[in-house]
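>>> Attaching a predicted model along with its sequence, questions to come.
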Amino acid sequence: MIMNNSIVVRLFLTGLACSLFSSLAMADTFPVTVTDVAGRTVTIEHEPKNIAISTGRVFPLLDMIYQQDAAKHLVAWRDDMRTSAPSMYASYVKDYPQLKDLVQLGKIKSGEFDAERFIQMKNKADLFVVDIVNVKLAEEEGLFDKLDKAGIKVLVVDFRENPIKNTLQSVTSFATAVGRHEQGQKFATYYQTHLDALQEGLAKVPDNQLNKKVFVERSAGKRESCCETFSAGNMGEYIPFLKAVNIADKPLKGAFSGDMSAESLIIAQPDIYIMQTTGWIDKNGNPKAGIPLGYNPNTAAIKSATNTLLHRTWMAPLPAYQNKEVYSIYMPFYNSPYNLVALEYFAKWIYPEQFKDLNPEQTFEEMNKTLANRTVSGIFGQDNFKVIQK
């Protein structure tokens, strides 16, 4: 029997969820052994009390699993949320003021991480949660072995390279590792239920509406030239899941990310154009680039920035521009358990009739309320033409 890709993906995710649910049914006892998304088997001897994260942008993971106690367990992070996701940073600092005083870590991938300093921290980490992009270099340099010998366990998570495949395992393996099985299962159930609903909706889309050509512009607004994008991973992974065509696949030749020229973009003629963006700031807190979507939004600043990006020279010849199918998504969702919200926005934009009742912002607010016990609001996705017409 031959199955199409969407059925295979659905069966894989359902099977993964079932196996995870089975493991999560165990009592919160230690030692416990988990397998992370890099395929590493990690045995946790005792309940971790002090946790470090290789990027501040995955703090929502701790927030969902620990809720109000999230910051109490966090002893160190890389201070990248403050400049790359300033409205997120402001929102979390409001709820967790102690985040401002955390020990700051260097970036592993660029060689800035100081292992000796990390090991000698006063509040030494029991568990180091590392983004999958750092794994290759860390393993080549023996970093994980060094930390393990110092009594620091490493757990790899992934919300950015293969988010649909790895988000469930990332969250539930972490929940298991820290003795919070029930909260991990709660997330898994919520996430899987929403994926199932998307699959059910996609199954009802008429064939003549499938295979729309979609382009995702990475970090829209950060540079003037065209155009960084994704092929196989990150938000590019959402496109084939939604039975559409990522126009970056052929020119990038399977690379995770890369550049398309304005000329090649115009030749490809995308039906849907999605800007992945946020309001970046410099180290002094001054606005630098991008559309400042996010928490506590400034609508006037959003409108002005949207107007600027919408009227760049290469936009006008595109069918997406001519048919007013140009959108913006909050970029920090790409490295967060909240990637589900971005996926729902994509579904709504690609199939507006089929998913007319889908409300991604409600999903985001609901996830925060039911999983993290936080009340939040903001603007996290938008129709660019509607915004400039207000």
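Received, thanks. Nothing here was measured: the structure is a model prediction, and the numbers come from that model.
>>> From the chain's centroid, how far away is stretch 233-252?
16 Å (Cα atoms, centre = their mean, to the nearest Å).
>>> The stretch 151-300 of the chain: strands as residue ranges?
If DSSP state E, counting those that start in this stretch is used as the criterion, the strands of the stretch 151-300 of the chain fall at 153-157, 213-217, 228-230, 245-246, 257-259, 272-277, 280-281, 287-289, 294-295.
>>> Turn the ones you listed into a markdown table, including mean pLDDT.
A markdown table is the format used below for the strands of the stretch 151-300 of the chain (pLDDT from 0 to 100):
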| stretch | mean pLDDT |
| --- | --- |
| strand 153-157 | 98 |
| strand 213-217 | 97 |
| strand 228-230 | 94 |
| strand 245-246 | 97 |
| strand 257-259 | 93 |
| strand 272-277 | 97 |
| strand 280-281 | 86 |
| strand 287-289 | 86 |
| strand 294-295 | 96 |
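>>> Would you mind giving those as CSV with distance to residue 194 added?
In short, each C-beta sits where N, CA and C put it, glycine included. Shown next, in CSV, are these (distance: least, Cβ to Cβ, whole Å):
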stretch, distance to residue 194
strand 153-157, 19
strand 213-217, 20
strand 228-230, 22
strand 245-246, 22
strand 257-259, 26
strand 272-277, 19
strand 280-281, 29
strand 287-289, 32
strand 294-295, 21
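>>> Just put those in CSV and tack on distance to residue 376 and mean neighbour count.
Listed next are the strands of the stretch 151-300 of the chain as CSV, based on distance: least, Cβ to Cβ, whole Å; neighbours: other Cβ atoms under 10 Å:
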stretch, distance to residue 376, mean neighbour count
strand 153-157, 22, 24
strand 213-217, 25, 25
strand 228-230, 26, 23
strand 245-246, 30, 20
strand 257-259, 29, 16
strand 272-277, 19, 26
strand 280-281, 20, 20
strand 287-289, 22, 16
strand 294-295, 6, 22
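>>> I'd assumed residue 125 was in contact with residue 75.
Yes - using Cβ atoms under 8 Å, residue 75 is in contact with residue 125, at 5.6 Å.
>>> Mind checking which of those two has more residues around it?
Neighbour count, other Cβ atoms under 10 Å: between residue 75 and residue 125, residue 125 has more, with 27 against 20.
>>> which neighbours do residue 75 and residue 125 share?
Shared contacts of residue 75 and residue 125, defined by Cβ atoms under 8 Å, 6 or more residues apart in numbering, are found at 50, 51, 52.
>>> How confident was the prediction at residue 15?
At residue 15, the pLDDT value in this model is 50.
>>> out of the strands of the stretch 151-300 of the chain, nearest to residue 80?
Closest to residue 80 of those is strand 280-281 (Cβ to Cβ; 11.1 Å).
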